[in-house]
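Trainee: The following comprises the amino acid sequence and a computationally predicted model.
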Amino acid sequence: MNTAEFKRKSWWQRHRKWLISSIFTILGLIAIFNLGMSPTAANITKAYTDTALYKDALAKVRENDSVIAIIGTIEPINKLAILEGAVEYAKDNSYVRSSIRIIGSKGKARMDFKADKLNNYWNYTRIQVRIKQPKDKQQTIVIVSE
């Protein structure tokens with residue numbers, strides 16, 4: 001018998017195909033995450049840290065008798081609701097458009113708003129509440145219009 005037939009291949013020779021493909025896959029995922037998710041992640045982070053943005057909008061919604069009559073007493077917005085929502089900043093972070101869920105004692109809704117930042121305060125140009133539950137009272141109530 002020939003001893004060359006039984007000679008074992010080195011670790012690199014045995015594993016190079018999956019190692020190289022794994023490295024390229026990881027690098028590709030990192031590139032996709034950094035290029036595709038970065039603006040979204042940055043917007044959510046800004047919204048997550050700017051609590052006044054949502055609290056002020058929610059205060060205006062709580063003043064509306066029609067909304068209160070349908071969904072009841074509105075709970076404070078928690079951080080998870082911000083992460084579940086949609087947010088988009090523009091104009092050097094001085095304009096925001098967002099949609100977030102709100103929960104009342106009698107139902108659920110989504111609050112959509114647009115706001116401009118003037119002198120470190122948010123000026124809401126549009127706030128509307130889309131009633132989701134109860135199903136028989138689904139509607140959109142405009143709180144602030146452009």
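Mentor: Nice, I can see it. Numbers count the residues shown, from 1 in each chain.
Trainee: can you tell me which strand in the chain is longest?
Mentor: strand 121-133 (DSSP state E).
Trainee: helices or strands up against the helix or strand following that one?
Mentor: Helices and strands here follow DSSP states H and E; after strand 121-133, the next one along the chain is strand 139-144. The helices and strands touching strand 139-144, judged by 3 or more CB pairs under 8 Å, 6 or more residues apart in numbering; DSSP states H and E, are helix 51-62, helix 65-71, strand 121-133. Bear in mind the C-beta positions are built from the backbone N, C-alpha and C, glycine included.
Trainee: Show the average pLDDT along whichever helix in the chain runs longest.
Mentor: Ranked by residue count and defined by DSSP state H, the top helix of the chain is helix 11-32. Across helix 11-32, pLDDT averages out at 83.
Trainee: and it, what does it pack onto?
Mentor: The contact analysis (3+ CB pairs under 8 Å, 6+ apart) places helix 11-32 against no helix or strand.
Trainee: Please state the offset of that helix from the chain centre?
Mentor: In terms of CA atoms, centre = their mean, to the nearest Å, the centre of helix 11-32 is found 32 Å from the chain centre.
Trainee: Save the helices and strands packed on strand 139-144 as a markdown table, and put in mean pLDDT too.
Mentor: As requested, the helices and strands packed on strand 139-144 are arranged in a markdown table below (pLDDT from 0 to 100):
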| stretch | mean pLDDT |
| --- | --- |
| helix 51-62 | 85 |
| helix 65-71 | 90 |
| strand 121-133 | 89 |
